[in-house]
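Novice: Fold the following, please.
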Amino acid sequence: MPTFYNLKALIKGIRACKTVADERALIQQESAAIRASFREEDSFQRHHNVAKLLYIHMLGSPAHFGQIECLKLVASPLFTDKRLGYLGIMLLLDENQEVLTLVTNSLKNDMNHSNMYAVGLALCTFANIASEEMSRDLANEIEKLLGSSNTYIRKKAPLCALRVIKKVPDIADHFVGKAKNLLTDRNHGVLLTAITLVTEMCSIDEAYLNEFRSAVPLLVRNLKSLVTTGYSPEHDVSGITDPFLQVKILRLMRILGKGDEQASEAMNDILAQVATNTDGSKNVGNSILYETVLTVLEIEADTGLRVMAINILGKFLSNRDNNIRYVALNTLNKVVTMDTNAVQRHRNTILDCLRDGDISIRRRALELSYALINEQNVRILVRELLAFLEVADDEFKLGLTTQISLAAERFAPNKRWHIDTVLRVLKLAGNFVREEVLSAFIRLVAHTPELQAYTASKLYLALKADISQESLTLAATWILGEYADILMEGGIVEDDKTTPVRDSEIIDLLLSCMDSPYSNYLIRQFVLASLTKASARSTTSQSEQDRVAEVLAKFTTSPELELQQRAVEFASLFTLGDMRAGVLEQMPAPELKATVMGVVSEKKPVGSTKAQDVDLLGDDTSTPTAPASTQPAQNAQSNQDLLAEIFGSSSADTSSPPVPQPQKSSVDDILGLFGSSSISATPATVPQTPSVPMSYPATPATAVPATLTQAIPVTPATPSAPRLTAYSAYDKNGLKVTLTPQTSAAKPGIVMILARFQASGGSAIDGISFQAAVPKSQQLQMLPMSNPSVNPGATETQQMRVVAPVGSNVRLRLRIGYTVNGETHQEQVDFAGFPPGLTGGNS
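Specialist: Residues are numbered from 1 along each chain as shown. You can find the predicted model right below:
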């Protein structure tokens, strides 16, 4: 016999336990007693035993052995037994257990029970645990109960129908007619569950949208009665009549009105009425207003209604409740592109949120601020963002500096303001500036000769005041080395006063950066190059030139290999006499490009593009691949979009990593003074695919910052054998593509591939787009195709170069698009037909 007679006694016993061990022992003892009682088939004690077992289950102890006893209670004619039995089934069973099949018959019987509360128990259990098989078996019973005359049953049946269509969507059409009828019900509970059912049906299959759009006037009438009705104690919540039903109606209207002007037109008036009449002083009213705003923004609403919705969100921003403000900022972030002018009216309130104590609100306000920047307000917003940058947490600074620089680049009213803005960013958060931003700033200065003296002067003063900001130090050393003569001729301009500066002061400042505790390997490389440049200017005295030569001599034995190499190469320039000045003259201004960020830390970028590295062939390797495009430069972006589509990437951009570089010469290193990699000269007629260092996200090939790019020469391979084998890669629709590999024993791992395009049919092939990708362990470059159109009898070619680990097999994934006889074709081919051993090694 169980130790405790009933549930109340068991709870007292468990609470009396002083330790967890005592409680566990007591539960084990009582579980054993309950199990023994079940074996005795004591129907009188069964009710108490199951109740105690459910409590034990709630405490986390095993109670699965009571499942069959719950089924026995359900079969009892007593309502109290049924209630406990169904509760046990819902707690101890789930839809994946075989025992559940035994419940189906009991549910069917109780759904036809004369007692409505017994029917309610069956419906409640079904809605919680019904499996797909059970849903099919009892769908007819549920459909019948949807038309019940009893309100209590009628409000529970739609939730069971909801379970059925989730488990078996293909029989949802059985409930369409009954669901329409339920929307006319006057009972709030029935309406609530019916609208929930209809909303789910419209979400599962758009075919039902047209079925229920005819019910829009009915929904409008129901919502209007809720809004205009007086005090109803039965449904009142904080002075608002049935807010739960109002929210459900608004959500369904949002689904039905999306993309349908006629349905949206019918909703406009009532939505305006709800937005105007709902009291927003309490959370209940705010929830309805929020749903109204979402509905207005989703449907084809009038412009005035959209402005009203955005104004409601603006009011939310001044609410003291942080949750409401967060919701408003989040929603405004989504709709700012829809109606920017309406959001702009709340700019001051949004900027006030930047000073909020809640970090999540500051983050959302920051994202929204980025999206609001345009030509008219760039000065005001950037000023506010710079003020925020001074006090911002470190986690915000990288995104802030990036977005401010991008905004200045896109919307700057003049170049002086642009330079001042970036200088301010470098002073405030120089340790949180991306290299792309730094290189864009240097390009800007190089292209603005009228402001070079001004910029050099400002950077000289800034660096003198603070050498702890890395990006500020890098920018200043680059500018001071490049334009030292301009600075000495123009002097330092400070507070409208011009102070002359001597060459020794510039050299002293650069050397102080070298010896600074904030100095790192990159700063030291920049300083060495800057000193060498400054020493070659005509304004630099012979004594300072000798001083620089001594510094370079000291670093020729530096343990840092990069510094040592630079010092040796720079020192050798001092032996060239007059040629040194020519080699070290001012660099020509690099090509101006839009700064494109791989990934920005905030979600609302200003003029930036998200990108992501992609494993094109799905290989689990660590080196990115190089998809290459044969289209002209203006089509490069669209080609990369296509590649992203081929290989299932959400990114629009892919890029190739640098391939092994040839031995550096002195001139190579001079040409790349201010980067850690040399830039190889390539023929001007051959467009190269730039590559980005592995530490930066991939960016489009047409928009890589100049300081990050490396041009990789593609030179025709010297044939190593007199006979070359062509392998067929594609032969369809009159187009034949063959690939001919060439290798050299002197360069294992490098394979030159010549692709030949022939029109095998009698028709010309036009608009050929040939794209390729290799596994991540390999690298690929492609030259342009000789002609994108192939005439019958003619052969067009395209050269590819693959760099692969020695001994590996060369595999290609090709995407070929072309037009023949006015019909466009696009094919994707995996090619692995090359023989093993092309890359050298033993394979």
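
Novice: Would you mind stating the distance between A130 and P169?
Specialist: Distance of A130 to P169, given as CB to CB, to the nearest Å: 14 Å. Where you see a C-beta, it was placed from the backbone N, CA and C, and this is true even at glycine.

Novice: Quick check: L812 touching P775?
Specialist: No: counting by CB atoms under 8 Å, L812 sits too far from P775 to count as a contact (9.4 Å).

Novice: Could you list the low-confidence segments of the protein?
Specialist: 1-3, 230-231, 594-723, 841-843 (pLDDT under 70).

Novice: What is the three-state secondary structure of T824?
Specialist: strand (DSSP: H, G, I helix; E, B strand; the rest coil).

Novice: How far off centre is the lengthiest helix in the chain?
Specialist: In terms of residue count, the longest helix belonging to the chain (DSSP state H) is helix 20-39. Once both centres are worked out by CA atoms, centre = their mean, to the nearest Å, helix 20-39 turns out to sit 52 Å from its chain's centre.

Novice: hang on, T184 is in a helix, isn't it?
Specialist: No: per three-state DSSP, T184 lies outside any helix segment and is coil.

Novice: Contacts only, for it.
Specialist: L218 (CB atoms under 8 Å, 6 or more residues apart in numbering).

Novice: State the number of residues packed around the residue lying closest to L573 once chain neighbours are set aside.
Specialist: Sequence neighbours aside, R580 is the residue nearest to L573 in space, at 4.7 Å (criterion: CB to CB, 6 or more residues apart in numbering). Using other CB atoms under 10 Å, R580 is surrounded by 19 other residues.

Novice: what ranges do the strands span in the protein?
Specialist: 236-237, 240-241, 492-494, 497-499, 727-732, 735-743, 750-759, 765-773, 779-782, 795-803, 812-820, 823-831 (DSSP state E).

Novice: Packing partners of the first one?
Specialist: The elements that strand 236-237 packs onto, with contact taken as 3 or more CB pairs under 8 Å, 6 or more residues apart in numbering; DSSP states H and E, do not include any helix or strand.

Novice: so where do the helices sit in the stretch 301-450 of the chain?
Specialist: 303-317, 322-335, 340-344, 347-352, 359-372, 378-391, 394-411, 415-429, 435-446 (DSSP state H, counting those that start in this stretch).

Novice: starting at the chain centroid, how far to the shortest one?
Specialist: Just to be clear, that refers to helix 340-344. That offset, for helix 340-344, works out to 25 Å (CA atoms, centre = their mean).

Novice: Alpha carbons only: can I get it in CSV?
Specialist: Once non-C-alpha atoms are left out, helix 340-344 reads as follows in CSV (Å, rounded to 0.1, in the frame of the first residue of the first chain):
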residue,chain,number,x,y,z
THR,A,340,12.2,58.2,-45.2
ASN,A,341,10.7,61.7,-45.0
ALA,A,342,8.1,60.7,-42.4
VAL,A,343,10.8,59.1,-40.2
GLN,A,344,13.0,62.2,-40.6
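
Novice: which parts of that helix are buried?
Specialist: A342, V343 (16 or more other CB atoms under 10 Å).

Novice: picking up where we left off before, hang on, isn't the residue nearest to L573 packed against A536?
Specialist: Yes: in this structure, R580 is within contact of A536 by CB under 8 Å, at 5.7 Å.

Novice: who are the neighbours in contact with the residue nearest to L573?
Specialist: A536, L573, F574.

Novice: out of the residues you listed, which are inside helices?
Specialist: Short answer: the contacts of R580 in helices (DSSP H) are L573.

Novice: Out of the contacts of R580, which comes closest to S808?
Specialist: Closest approach between the contacts of R580 and S808, by CB to CB: L573, at 41.8 Å.

Novice: how about the nearest residue to E132, chain neighbours excluded?
Specialist: E132's closest residue in space is K167 (CB to CB, 6+ apart), at 4.6 Å.

Novice: which residues are in contact with stretch 830-842?
Specialist: Contacts for stretch 830-842 (CB under 8 Å, 6+ apart): 727-729, 739, 741, 743, 745, 748-751, 804-814, 843.

Novice: List buried members of those by neighbour count.
Specialist: Buried, going by 16+ other CB under 10 Å: 729, 739, 741, 743, 748-751, 804, 808, 810-814, out of the contacts of stretch 830-842.

Novice: Return the member of these nearest to N377.
Specialist: For the buried ones among the contacts of stretch 830-842, the nearest to N377 is R813 (46.8 Å; CB to CB).

Novice: if I look at the closest residue to the closest one other than its chain neighbours, how far off is I467?
Specialist: Spatial nearest neighbour of R813, excluding adjacent residues (CB to CB, 6+ apart): A773 at 4.8 Å. According to CB to CB, A773 and I467 sit 45 Å apart.

Novice: Kindly report the same for I204.
Specialist: 63 Å.

Novice: These two: which has the busier surroundings?
Specialist: I467 (22 against 13).

Novice: Show me which of A130 and P169 is the more surrounded one.
Specialist: Neighbours per residue, other CB under 10 Å: of A130 and P169, the larger number sits with A130, 26 against 13.
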